[in-house]
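Participant: just the structure for this:
(one chain, ligands or ions: 1)
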Amino acid sequence: MLNTAATAPLLQVNQLGKQLGARVIFRSLSFAWAQPELVCVRAPNGAGKTTLLTMLAGAALPDAGQVLLQGLDLARSREQAARQLAFVPDGCPIYPFLTGREWLAFAASVHGSSPAASDDLVARFQITPHLDTRFGAMSLGTARKFLLASALASDAPVLIMDEPTNGLDTRSLAVFKDCLDQRRSRGLVVLTCHDTQQQQLLGVRTVELADLEAVPA
Ligand SMILES: Nc1ncnc2c1ncn2[C@@H]1O[C@H](COP(=O)(O)OP(=O)(O)OP(=O)(O)O)[C@@H](O)[C@H]1O
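Facilitator: Model prediction:
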């Protein structure tokens, strides 16, 4: 989990640049989140939240700049840095032939999660009956619960979650909130969520993407 001896910020971004097609999404984005907390990045549709979170998680490369996790450069020390984080991407970009059980085993092998933590979340999200269902045959809501369970079971100090509450039923939302409450003093959680009521319910600190972009690089 959190390396309390480490002095480097949990997550730091230096002069990040990204262009998609003809559009410059980020010119030179720099910021740091040093302490354990829950942060919700807010911006209008199409502003670049998914693009940012994908780069923070190392799932997409920036055109310029660095992402550092506890001082580890995500591009240069890729494996070591990537083990510092768990990522719930938008949608469900998982091989359709994998079962829920196979996905959880893979995620646990990356993060060294305890089987007990994973089993507990599977039970609480009520996805036990789907453990041997392939992702291609799951509803999106069920598939998302497997992604949430694998990330929340991990001991990674940084969690990055794109729209984690999308499609969650009321009971699962309560489980998710409970999990975040347990993590808020132990690590950094960066998420997006369009619903202001859910932002309040989860008790996140909201950060406007436009304000991050306004910080001089
Ligand atoms: N492959 C691509 N080529 C060109 N433009 C792209 C490409 N992928 C995304 N974009 C554009 O990049 C911008 C940022 O997209 P992104 O998905 O990061 O926004 P977002 O803030 O997450 O939006 P939403 O709130 O709708 O999820 C959008 O304007 C989108 O149209």
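Participant: please make it C-alpha for all contacts and neighbour counts, starting now.
Facilitator: Will do.
Participant: show me what counts as buried in whatever helix or strand residue 211 lives in.
Facilitator: Using DSSP states H and E, the element containing residue 211 is helix 209-214. With burial defined by 16 or more other CA atoms under 10 Å, the residues of helix 209-214 counted as buried are residue 209.
Participant: alpha carbons only: can I get it in PDB?
Facilitator: Extracted C-alpha coordinates of helix 209-214, given in PDB (Å, rounded to 0.1, in the frame of the first residue of the first chain):
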ATOM      1  CA  LEU A 209     -10.000  20.200 -15.400                       C
ATOM      2  CA  ALA A 210      -9.900  23.800 -16.600                       C
ATOM      3  CA  ASP A 211      -8.300  24.800 -13.300                       C
ATOM      4  CA  LEU A 212      -5.600  22.100 -13.700                       C
ATOM      5  CA  GLU A 213      -4.900  23.400 -17.200                       C
ATOM      6  CA  ALA A 214      -4.600  26.900 -15.800                       C
END
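Participant: helix/strand/coil for the residue nearest the centre of the chain?
Facilitator: The chain has residue 160 as the residue nearest its centroid, 1.7 Å off, counting by CA atoms, centre = their mean. Here residue 160 is strand, with the state taken from DSSP: H, G, I helix; E, B strand; the rest coil.
Participant: for it, give its distance to residue 21.
Facilitator: Note on residue 160: its distance to residue 21, by CA to CA, to the nearest Å, is 25 Å.
Participant: touching the helix or strand of the chain with the lowest mean pLDDT from outside, list them.
Facilitator: When each helix and strand of the chain is scored by mean pLDDT, DSSP states H and E, helix 78-82 comes last, with a mean of 80. Residues outside helix 78-82 that contact it (CA atoms under 8 Å, 6 or more residues apart in numbering) are 57-58, 68-69, 72-74.
Participant: just among those, which is most surrounded?
Facilitator: residue 69 (28 neighbours; other CA atoms under 10 Å).
Participant: just checking, what packs against the helix or strand containing residue 107?
Facilitator: According to DSSP H and E, residue 107 maps onto helix 100-111. When contacts are defined as 3 or more CA pairs under 8 Å, 6 or more residues apart in numbering; DSSP states H and E, helix 100-111 packs onto helix 140-153.
Participant: secondary structure element for residue 19, which one?
Facilitator: Counting by DSSP H and E, residue 19 is found in strand 11-20.
Participant: about what we covered before: ok, so of the contacts of helix 78-82, who is nearest the ligand?
Facilitator: residue 57 (13.3 Å; CA to the nearest ligand atom).
Participant: that closest one and residue 160 touch, don't they?
Facilitator: Yes: if you go by CA atoms under 8 Å, residue 57 and residue 160 touch, sitting 6.7 Å apart.
Participant: I'm done for today, thanks for sticking with me.
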